[in-house]
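can you look at this prediction? I've put the sequence above it.
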Protein chains: 2
Amino acid sequence: MSVSATAVAHPNIALIKYWGKRDEAMQLPATGSLSLTLGIAPTTTTVTLSDDPKVAADLGTLNGEEMRGKDLARVQKFLDLVRERAGSQAYAQVDSVNEIPTGAGLASSASGFAALTLAAAKAFGLDYSKAELSALARRGSGSASRSIFGGLVEWLPGHDDASSHAVELDNPGLELSLVVAVLSPGRKKIDSRAAMRQTVATSPFFSAWVEQVPRDIEEMKAAIAAADFTAVGSLAEANAMRMHATMLGALPPVRYWNSDSVAALDLVASLREEGTECYATMDAGPNVKVICRSGDAEAIACRFRSEFDGIDVLVSGSGPGAYLM
Amino acid sequence: MSVSATAVAHPNIALIKYWGKRDEAMQLPATGSLSLTLGIAPTTTTVTLSDDPKVAADLGTLNGEEMRGKDLARVQKFLDLVRERAGSQAYAQVDSVNEIPTGAGLASSASGFAALTLAAAKAFGLDYSKAELSALARRGSGSASRSIFGGLVEWLPGHDDASSHAVELDNPGLELSLVVAVLSPGRKKIDSRAAMRQTVATSPFFSAWVEQVPRDIEEMKAAIAAADFTAVGSLAEANAMRMHATMLGALPPVRYWNSDSVAALDLVASLREEGTECYATMDAGPNVKVICRSGDAEAIACRFRSEFDGIDVLVSGSGPGAYLM
């Protein structure tokens, strides 16, 4: 009988962004970051250790299709690390299902590597704490370190492999939701790893970004502790704009915004002026994510559906950390 | 008989931008800048000294309408300075005509104050060099210092009132044109003086901007001297993106882009990929200005007209400095 484990993890959206690494090989970030784990679009991943001696590589499926190329190589590299930690020689079969299409702009690599981390650690017999699981997930994908935990999460930048992991934050009174406007990408997306590298290497604003983020994190934690939605939302929006500004300073400029993104930013500003308090954030793609009080989420989603013909609009509250099935 | 003088000046578009002052009262800029004076949309201004002792204030018309409020106050404040320099007590009538509507996004304050400077200096009998006229125009509107000169112009930041003026640059071989896509403003525009102030006070990127611009100016002057269109265009685009990034870092963020602006930036990128080499620049408004070789300007304008239904698209080559009629 083969050893197998299944885990579920959800995407997360950063309120204070992660942009830029200080160590590429160890996936150590230039700064900390802070996110909300969502309750939608989970990834469910099963890791099955092979007991067939003829199997000489990790293999996998994503939504029923064979994993290939760079996606497969990234999973294999991650499993090499797990094998090394576990002192194992076994190869694995990884079967992963994402409830929304990979690449729709909800960082599927975060939920994907968080679920893979839990399932692989269990299958390979690593008895890890949540902090250790988070640090391990980080090696697969930086933001996956945050999806190990539920609700509001801080990823501590740390000073080495073990200390760079996420922690769950107390949330004494905020009922946050996110409304995700899934906009068509238009021009081709720049891979976020390459875009980070280009920013670190060429943007004159990168060092100011690295100095600013720790201040933003402290301010955000104070706003969360005070359950001050206005402070949380306005700081999240300002931080997102600063991340995109940092990229726009690169040579050549890195721009993820398309015309619909800007129309969506304008709609968020209009909603706010009309009295529905909400704020925008954006990641390495054209989608706009609206941060709001949970009671306003459906009305905001409805407005987006009516102003942007035919687009998908997702609504999510706070979701759980990664868990084994 | 009353003393009267008439002058003409053209707008200019910065290839290396002016954003932020180091001295508000003296209108001293935080950095130098570099621009192309256009050959379209001139302002023609007549200054007539009053010999009627009952006239106790400067008055004016703009495109045939009485000047009022802030516009009139700004002209009066400028004429106070001219009167002081000239040792005169006379009030003036200022009649100004802009060939395109004020506020269409071609900085009409640059052509306006450049024309006013020449006409007022002549009417009040100030015998000024071009550099002195440029420094004086700066007091009315920073970028007006550049419209005193034609073609490619550098505004030297200077260290005091007299030394902060523009100079004309040699242009050994570039035939530059600008294609201006006049996009509808959508959301209300933030006044550029207020936006500069907000950027200086709150953007964590402002000091990096101030360090970067002198490097961009030196590189741009080298590219102009080498008649290297690719270097001129790509640097102008990167510099413009960095200016907008610097604003986007402010608290709250300053964003002049609307959805059409981004669609226009995408069109410029598409044209470039298709083999028509051109680059985008943007100022404190939604309009996108396309920097191109003069031989490509009409084809680019045609493409903009077909992709953006019903918008005005202006084409201009290099224009002359301000002159007396």
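All right, it came through fine.

what sits against the nearest residue in space to A:Ser96 that is not next to it in sequence?
Distances taken as C-beta to C-beta, 6 or more residues apart in numbering or on different chains place A:Thr45 nearest to A:Ser96, at 4.3 Å, with adjacent residues excluded. C-beta: built from backbone N, CA, C; applies to glycine. By C-beta atoms under 8 Å, 6 or more residues apart in numbering or on different chains, the residues touching A:Thr45 are A:Thr6, A:Ala7, A:Val8, A:Ala9, A:Val94, A:Asp95, A:Ser96, A:Val97, A:Gly112, A:Ala115, A:Leu116, A:Ala119.

which one of those residues has the most neighbours?
Within the contacts of A:Thr45, neighbour counts (other C-beta atoms under 10 Å in any protein chain shown) peak at A:Ala115, which reaches 33 neighbours.

in contact with that one, which residues?
The neighbours of A:Ala115, taking C-beta under 8 Å, 6+ apart as the test, are A:Ala7, A:Val8, A:Ala9, A:Pro42, A:Thr43, A:Thr44, A:Thr45, A:Ser96, A:Ala322.

among those residues, which two are most distant?
Greatest spatial distance among these (C-beta to C-beta): A:Ser96 and A:Ala322, at 13.1 Å.

which residues of chain A lie near chain B?
Counting by C-beta under 8 Å from any C-beta of the partner chain, the residues of chain A close to chain B are A:186-187, A:204-205, A:207-209, A:211-212, A:234, A:237-238, A:241-242, A:244-246, A:248-249, A:251-253, A:255, A:257-263, A:265-266, A:269.

list only buried entries from those residues.
For the residues of chain A next to chain B, a burial check counting by 16 or more other C-beta atoms under 10 Å in any protein chain shown picks out A:204-205, A:207-209, A:212, A:234, A:237-238, A:241-242, A:244-246, A:248-249, A:251, A:253, A:255, A:257-263, A:265-266, A:269.

ok, back up a step: CA atoms only: put the host helix or strand of the residue nearest to A:Ser96 into PDB for me.
Using DSSP states H and E, A:Thr45 sits within strand A:43-49. Extracted in PDB, the C-alpha atoms of strand A:43-49 (Å, rounded to 0.1, in the frame of the first residue of the first chain):
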ATOM      1  CA  THR A  43      -6.200  24.100  -4.000                       C
ATOM      2  CA  THR A  44      -6.500  20.500  -2.900                       C
ATOM      3  CA  THR A  45      -3.400  18.500  -3.400                       C
ATOM      4  CA  THR A  46      -2.600  14.800  -2.800                       C
ATOM      5  CA  VAL A  47       0.900  13.600  -2.600                       C
ATOM      6  CA  THR A  48       1.400   9.800  -3.000                       C
ATOM      7  CA  LEU A  49       4.800   8.200  -2.500                       C
END
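
A:Ser143 touches A:Tyr18, doesn't it?
Yes: counting by C-beta atoms under 8 Å, A:Tyr18 is a contact partner of A:Ser143 at 6.1 Å.

domain ranges for chain A?
A:4-171, A:176-316 (automatic domain parsing).

need those in JSON lines (columns: mean pLDDT).
Compiled in JSON lines, these are given as follows (pLDDT from 0 to 100):
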{"stretch": "domain A:4-171", "mean pLDDT": "94"}
{"stretch": "domain A:176-316", "mean pLDDT": "95"}
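
B:Asp58: which of these is closest?
With C-beta to C-beta as the yardstick, what comes closest out of these is domain A:176-316 (38.0 Å).

now do the same end-to-end measure for the closest one.
One end of domain A:176-316 to the other measures 9 Å (C-alpha to C-alpha, to the nearest Å).

pretty sure A:Arg193 sits in a helix.
Yes: counting by DSSP: H, G, I helix; E, B strand; the rest coil, A:Arg193 is part of a helix.

that one: how many residues sit nearby?
For A:Arg193, using other C-beta under 10 Å, the count is 14.

all helices for the stretch 51-200 of chain A, in order.
A:69-86, A:108-123, A:130-140, A:144-147, A:192-202 (DSSP state H, counting those that start in this stretch).

just those helices: most buried one?
Most buried of these by mean neighbour count (mean count of other C-beta atoms under 10 Å in any protein chain shown) is helix A:144-147; its value is a mean of 34.

returning to that earlier point: who does the residue nearest to A:Ser96 bridge with?
On the basis of DSSP bridges, A:Thr45 is bridged to A:Ala7, A:Ser96.

from B:Cys278, how far out is it?
47 Å (C-beta to C-beta, to the nearest Å).

thinking again about what came up before, distance from the chain centre to the strand holding A:Thr45, please.
19 Å (C-alpha atoms, centre = their mean, to the nearest Å).

go on, stretch A:170-189?
The chain centroid and the centroid of stretch A:170-189 are separated by 11 Å under C-alpha atoms, centre = their mean.

next up, the contacts around the residue nearest to A:Met325 when sequence neighbours are not counted.
Leaving out its chain neighbours, the residue that sits closest to A:Met325 by C-beta to C-beta, 6+ apart is A:Thr6, at 4.2 Å. Counting by C-beta under 8 Å, 6+ apart, A:Thr6 touches A:Thr44, A:Thr45, A:Thr46, A:Val47, A:Ala119, A:Leu324, A:Met325.

and with 7 Å instead?
A:Thr44, A:Thr45, A:Thr46, A:Ala119, A:Leu324, A:Met325 (C-beta atoms under 7 Å, 6 or more residues apart in numbering or on different chains).

next one: the last one from chain B, what distance?
Applying C-beta to the nearest C-beta, to the nearest Å, one obtains 43 Å for the distance of A:Met325 from chain B.

sweet, I'm off.
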